[in-house]
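Student: based on what follows, work out the 3D shape:
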Amino acid sequence: MTLGPAGRARPAGSPPTPGPQPVRHTLATRRGAVDVLVAHALFMALDPKQVAKQRPFPPLGTLYAAAHLRRHGHAVAVFDAMLAPGPEAIRRAFELHPPRVVAIVEDSFNFLSKMCLGQMRQAALAMVGAARGRGLPVVVAGSDASDAPGRYLDAGATAVIRGEAEHALLEAVAALLDRGTRGLDAVAGVVTRHAAGAAPAPVREPERRPDRFAWPARDLVDIDAYRRVWTAAHGSFALNMVATRGCPFHCNWCAKPIWGQRYAMRSAVDVADEMADVKRTLAPDRLWFADDIFGLRPEWVAELGAAIDARGARIPFQIQSRVDLVTDVAVEGLARAGCDEVWLGVESGSQRILDAMEKGIRAADVPAAVARLRQRGIRACFFLQLGYPGEAWDDIQATVDLVRATLPDDIGVSVSYPLPGTRFHTRVARELRAGGDRWTDSDDLAMLFHGTYTTDVYRALHRALHADLAAGRAEAARLAVARGLRTAATDAWRTVARLEASGRAARPTPAPAPAEPLPPPDLSRAAN
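Tutor: Residues are numbered from 1 along each chain as shown. You can find the predicted model right below:
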């Protein structure tokens, strides 16, 4: 496991840790009692798909919370679940860093945390129980806890933070250290358990100027352990950053329990300064910007490119964006800043399905966005979503045709996943089976409601789309392997055809009634 202040930097330009090495679950080099042990429950070891990918990232949201507590005078240690074997490992953290308070703060910038996977929930609840077994007060923050605080309070949590964690956590810790649980009810954004049940939490405004937060406390995790995993598996090392909190768009399947429809952008200068510091002290080979949507304002992207250029802070990085944000100004700024890969939320090639999702983009605009990115040497990749209510075979074929026409550099294919708090979840809630309202791990791909087809069909489509793209790209590049890849793709489509004939759901969820288009968000300011 990785605990405490053990991040060891290497000078920029020095060689990476030599050779593939096994992960060592290192302990903190400095031991001792702390005010707060900050933890999270995203264990790579519990998710077979993530174990296979070997692409772990430090928990940014957890490290932001730790940095905020430390800046305000609290002694802090971190239990980093990412490279730990399982929730029982936190017991060793209690021994190394005896805390007065335990804060389980999930990484709200990592999409896996936002999915509220079953394994992650069970791990978090086990950690709550372990802390309470030692008589320690426990504060929990994250998407799952925000959606259902009672579940965590029933497991023994002292308090649950709904929404953004940093300010509420600081006040909750101060109350616990000073007055015990008596002061918690006055903390906005905090839910506690009373005799009559979960007390309602006063609404807390999220921070509108995120530059006020200290940079993530990366020194409190073992960065070299991450470097070893990445280097052994990929021959290079990646780290993560974030420039924007929240997303103001209206996709009706996207859960937003932390920031709602709010967004807040860091200044381009602050982001560039952090990037320069990361390059100098940790020297990653590339970065992943974990923003839900990066670069909401094209002029901000241009400013970032200039700031990074001025500091010599360029590190190749990838982002997530939208088709309608890929303007000439934005692409120029991205290229100048060092971006070499953009994942676009394309979702479907069918305009009918995009409109039902309230996505707010046009399928016809995808090819031009791809072309703009490629003109500046930036890889264009697609997120695709199958199985949305009302999706017929013609809609699926439109998605296949779009992939074949544009040949994106990569695709991520999933099925529609009803997250609590979304309009989509409300629409299908009655169909969710008891205890089956979420995936166990990120490779599940099970239909949780009645799609047009059964889960087996969508899993076969997932494989066929990947195989078809691999063949198409090889054919376009005139590679010798193209014939073999096309044969594999043809076999995959035959499997889809065989399953499709018998894999129609008896009573599929109907398509939603057409809704009036929602107005696009106002992106004229750095925060809304």
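
Student: would you mark the buried spots in the helix or strand encompassing H68?
Tutor: Using DSSP states H and E, H68 sits in helix 60-71. Buried residues in helix 60-71, counting neighbours by 16 or more other C-beta atoms under 10 Å, are found at L60, G61, T62, L63, Y64, A65, A66, A67, H68, L69, R70. No exception for glycine: its C-beta is placed from N, CA and C like everyone else's.

Student: for that helix, name the packing helices and strands.
Tutor: strand 34-39, strand 76-80, strand 99-105, helix 166-179 (3 or more C-beta pairs under 8 Å, 6 or more residues apart in numbering; DSSP states H and E).

Student: quick check: can you name the pairing partners of the shortest one and their directions?
Tutor: So that's strand 76-80. If you go by DSSP bridges, strand 76-80 pairs up with strand 2-3 (antiparallel), strand 34-39 (parallel).

Student: now the last one: average pLDDT?
Tutor: Looking at strand 34-39 alone, the average pLDDT works out to 98.

Student: one step back: among the helices and strands packed on helix 60-71, which is nearest D468?
Tutor: Evaluated over the helices and strands packed on helix 60-71, closeness to D468 peaks at strand 76-80, with 38.8 Å, by C-beta to C-beta.

Student: report the distance from that closest one to the chain centre.
Tutor: Relative to the mean C-alpha coordinate of its chain, strand 76-80 is positioned 20 Å out (C-alpha atoms, centre = their mean, to the nearest Å).

Student: how about the helix or strand just after that strand: buried residues?
Tutor: Next in sequence after strand 76-80, counting helices and strands by DSSP H and E, comes helix 90-96. Within helix 90-96, the residues scored as buried using 16+ other C-beta under 10 Å are I90, A93, F94, L96.

Student: out of those, who's nearest L402?
Tutor: I90 (45.5 Å).

Student: which residues touch the closest one?
Tutor: A39, F79, A81, A84, M127, A130, A131 (C-beta atoms under 8 Å, 6 or more residues apart in numbering).

Student: how about a cut-off of 6 Å?
Tutor: By C-beta atoms under 6 Å, 6 or more residues apart in numbering, the residues touching I90 are F79, M127, A130.

Student: of those residues - the most surrounded one?
Tutor: When neighbours are counted by other C-beta atoms under 10 Å, F79 leads these with 31 neighbours.

Student: any idea which of the strands paired with strand 76-80 gets closest to D522?
Tutor: Distance to D522, taken as C-beta to C-beta, is lowest for strand 34-39 among the strands paired with strand 76-80, at 35.0 Å.

Student: and the next helix or strand past that closest one?
Tutor: Taking DSSP H and E, what comes next after strand 34-39 is helix 48-53.

Student: which other helices and strands contact that following helix?
Tutor: On a contact count with 3 or more C-beta pairs under 6 Å, 6 or more residues apart in numbering; DSSP states H and E, helix 48-53 meets no helix or strand.

Student: any idea what sits nearest D309, other than its immediate chain neighbours?
Tutor: R336 (5.8 Å; C-beta to C-beta, 6 or more residues apart in numbering).

Student: give me the neighbour count for the one you found.
Tutor: Residues near R336, counting by other C-beta under 10 Å: 18.

Student: now A302, nearest residue through space, not along the chain?
Tutor: G333 (3.9 Å).

Student: if we can go back for a sec, could you dump the helices and strands packed on helix 60-71 to TSV with distance to Y152?
Tutor: Listed next are those as TSV, based on distance: least, C-beta to C-beta, whole Å:
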stretch	distance to Y152
strand 34-39	13
strand 76-80	17
strand 99-105	8
helix 166-179	14
